[in-house]
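*Asks:* I'll drop the sequence and a predicted model, then ask my questions.
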Amino acid sequence: MKKCLIVLFLAMILVTSLFAQAVAEEAPVSNEPITIEFWTHEDASRQALEEQYIAEFEATHPNVKINRSVYSSTKIPEIVLTAFAAGQGPDIFNLQISHEYSYIVNGLVAPIDYKAIGFENAEKFKAHYMDGILDPVTYDGKIYGMPLEITNWVIYLDKNVFRDAGLDPDKDYPKTWEEMVELAPKIIKRDGDIITRRCFDFNYDLPIPQFQPMIEQCGAAFVSEDGKEAIVGKEGWIKFLTFMQQWGPCGKNYGSPVLRIARKFINNDNNDMAMAMAGLYQEPRIQKANPDYYNSDNWCLVPFPRFKDADPSAPSASFIAHYYMVNGGIPSAKQKVCWEFVSYMLSHPIDYLVKGGTIVQPVAGILDTPEMQALRDSDVVLSDLANSDCIIYGDYSPEFESLLKNAITAVMIEGVSPEAAYENLKKLAQDVLDSK
């Protein structure tokens, strides 16, 4: 049903877009009032910074009014999709690239206006960023997005929980997924069948950033290199799904998709969560929620684990990329103002890193700055990032994400065998791929 809705939405969007293209060439008078609808995911630190940039931009552009709307990171993909289907998409928005890419291939967003953002051409623009970071938003020789951030997830570890369990956090942290399984019964506490202290658990709402590297470590992939086959590498997929089955209630009951997200606990140091997965954005959240804990030596970051027999060529992690994009159906003069504003916001990469929630804007040289090096355990994050790949992106990726969540839920909670879950996942994913 969800697949049908997405296909229907995109069809509606395309009709709306064709009509809008004729309107897009109508340029308003330069001093005509312009209202820009700007939608993004919620982040309190970044909100304060971007509201400052909005005020500054409006002060130098008195005819421009910018309305910034925020939504949860799990809900905004559907909200943006629904708005575009109704012909009421925002003028500026950002999503993770796995959800944004379909807007590019379906002609719904505008290519970058290099003159508006102060670059002579595409090559000059590319040189401003880390190598390859613009590849996901490059299509038919045009670039369609300006990078807001890249994020790879690592393990946040509460040393106090390790010590309470009789473990040495500096030596006993898990280097492999097999070691994670061995650690779990040493740390977990239960009240009957109810887990009262978890060793570790996943963020099941955002499966791709954490499960993609695990799947790749098993020698499997979402799509074949020629783009024709879905869910490649049967043995690897079954190994991954078996691991998830054994982690959940249908196995050893170490974690579950129905439990509260692990990273929600890690800030509090309440002896109820030893480890959780998150990006650098979690550091200022710990600082705000628990300043004494943040300033202590009782927490640290450790690398993303690998399976013992992982494919040596497999990435250590996968990074999420967010790009600001501009609606291709609005007038060209308004597009220009939108790109000017996005460029103004993103011309402050150090502020985003220091004041904006440790947002790593992937401009050239950002990883070598003193501000980056000063972050707690940034070497752990950078080491994994150096051997990481981008999360999957394609016009199929939102549906693949949903199918992966369903497969994981099936083996962890519904009692479906890994083999049966694999066969169902492959069939449904292949149907999606064939429909594109």
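*Replies:* Structure's in. What do you need?

*Asks:* centroid residue for the chain?
*Replies:* Central residue of the chain (C-alpha atoms, centre = their mean): I320, 3.9 Å from the mean position.

*Asks:* which strand runs longest in the chain?
*Replies:* If you go by DSSP state E, the chain has its longest strand at strand 317-326.

*Asks:* what's the least confident helix or strand in the chain, going by average pLDDT?
*Replies:* helix 2-24 (a mean of 40; mean pLDDT, DSSP states H and E).

*Asks:* burial measure for the residue lying closest to M412 once chain neighbours are set aside, as a count.
*Replies:* Among residues not flanking M412 along the chain, G248 sits closest, at 3.0 Å (C-beta to C-beta, 6 or more residues apart in numbering). Any C-beta I mention is one placed from the backbone N, CA and C, and that applies to glycine too. Neighbour count for G248, taken as other C-beta atoms under 10 Å: 24.

*Asks:* distance from the helix or strand encompassing M214 to the middle of the chain?
*Replies:* For M214, the element it lies in under DSSP states H and E is helix 207-217. Chain-centre distance of helix 207-217: 12 Å, with C-alpha atoms, centre = their mean, to the nearest Å.

*Asks:* chain neighbours aside, what residue packs nearest to L280?
*Replies:* Excluding its sequence neighbours, the residue lying closest to L280 (C-beta to C-beta, 6+ apart) is T358, at 4.2 Å.

*Asks:* which helices and strands does the helix holding M214 pack with?
*Replies:* Applying 3 or more C-beta pairs under 8 Å, 6 or more residues apart in numbering; DSSP states H and E, one finds that helix 207-217 makes contact with strand 221-223, helix 234-247, strand 317-326, strand 388-390, helix 397-412.

*Asks:* and with 7 Å instead?
*Replies:* When contacts are defined as 3 or more C-beta pairs under 7 Å, 6 or more residues apart in numbering; DSSP states H and E, helix 207-217 packs onto helix 234-247, strand 317-326, helix 397-412.

*Asks:* list the buried ones in the helix or strand where K288 lies?
*Replies:* Assessed by DSSP H and E, K288 sits inside helix 282-289. Residues of helix 282-289 classed as buried: Q282, E283, P284, R285, I286, Q287 (neighbour count, 16 or more other C-beta atoms under 10 Å).

*Asks:* gap between the second one and V380?
*Replies:* It refers to E283. As for E283, its distance to V380 is 12 Å (criterion: C-beta to C-beta, to the nearest Å).

*Asks:* so what touches the helix holding K288?
*Replies:* For helix 282-289, the external contacting residues (C-beta atoms under 7 Å, 6 or more residues apart in numbering) are S45, Y156, R263, N267, N268, Y293, Y294, G357, T358, L375, R376.

*Asks:* OK, contacts around the residue nearest to M412?
*Replies:* So G248 contacts G255, S256, M412, I413 (C-beta under 7 Å, 6+ apart).

*Asks:* quick check: phi and psi at the first one.
*Replies:* Reported as degrees, to the nearest 10, the phi and psi values for G255 are phi -170, psi 170.

*Asks:* pretty sure it contacts W247?
*Replies:* Yes - if you go by C-beta atoms under 7 Å, G255 and W247 touch, sitting 5.5 Å apart.

*Asks:* give the contact list for G118.
*Replies:* Applying C-beta under 7 Å, 6+ apart, the residues near G118 are S343.

*Asks:* leaving out sequence neighbours, find the closest residue to D135.
*Replies:* Here the residue nearest D135, using C-beta to C-beta, 6+ apart, is C390, at 7.8 Å.

*Asks:* so where's the stretch 201-350 of the chain uncertain?
*Replies:* Low-confidence segments of the stretch 201-350 of the chain (pLDDT under 70): none present.

*Asks:* quick one on the thing from earlier: next secondary structure after the least confident helix or strand of the chain?
*Replies:* Downstream of helix 2-24, the first helix or strand assigned by DSSP H and E is strand 34-41.

*Asks:* picking up where we left off before, any idea of the angle the helix holding M214 forms with strand 317-326?
*Replies:* Inter-element angle recorded for helix 207-217 and strand 317-326: 140 degrees (by axes from the mean of the first three to the mean of the last three C-alpha atoms, to 10 degrees).

*Asks:* what angle sits between helix 207-217 and helix 397-412?
*Replies:* Going by the same axes, to 10 degrees, helix 207-217 makes 70 degrees with helix 397-412.

*Asks:* circling back to that earlier point, now do the helix holding K288: distance to the chain's middle.
*Replies:* On C-alpha atoms, centre = their mean, the centre of helix 282-289 falls 19 Å from that of its chain.

*Asks:* for the helix or strand just after it, the distance to its chain's centre please.
*Replies:* As assigned by DSSP H and E, the chain's next helix or strand after helix 282-289 is helix 291-294. The chain centre lies 26 Å from the centre of helix 291-294; the measure is C-alpha atoms, centre = their mean.

*Asks:* which SSE is immediately downstream of helix 291-294?
*Replies:* strand 299-302.

*Asks:* give me the residues contacting that following strand.
*Replies:* By C-beta under 7 Å, 6+ apart, the residues outside strand 299-302 that reach it are V154, I155, Y156, L157, D158, K159, Y173, Y293, R376, D377, V380, V381.

*Asks:* how about N67, secondary structure?
*Replies:* strand (DSSP: H, G, I helix; E, B strand; the rest coil).

*Asks:* please renumber the chain so that the first residue is 576 from this point on.
*Replies:* From this message on, residue numbering opens at 576, which makes the last subject N642.

*Asks:* can you report how many residues neighbour it?
*Replies:* Around N642 there are 12 other residues, counting by other C-beta under 10 Å.

*Asks:* contacting residues around it?
*Replies:* With contacts defined as C-beta under 7 Å, 6+ apart, N642 is in contact with T610, I611, E612, F613.

*Asks:* which of these count as buried?
*Replies:* I611, E612, F613.

*Asks:* distance-wise, check the closest residue to I988 other than its chain neighbours relative to L834.
*Replies:* Distances taken as C-beta to C-beta, 6+ apart place P824 nearest to I988, at 6.0 Å, with adjacent residues excluded. Shown here: P824 relative to L834, a distance of 10 Å by C-beta to C-beta.

*Asks:* okay, the two: which has more neighbours?
*Replies:* Set side by side, P824 and L834 show more neighbours around P824, with 19 against 15, by other C-beta under 10 Å.

*Asks:* contacts only, for that one.
*Replies:* Neighbours of P824 in contact, by C-beta under 7 Å, 6+ apart: S831, M987, I988.

*Asks:* quick check, nearest of the residues you listed to K803?
*Replies:* Nearest to K803, judged by C-beta to C-beta, of the contacts of P824 is M987 at 30.0 Å.

*Asks:* what distance do you get for the closest one to L834?
*Replies:* For M987, the distance to L834 - C-beta to C-beta - is 11 Å.
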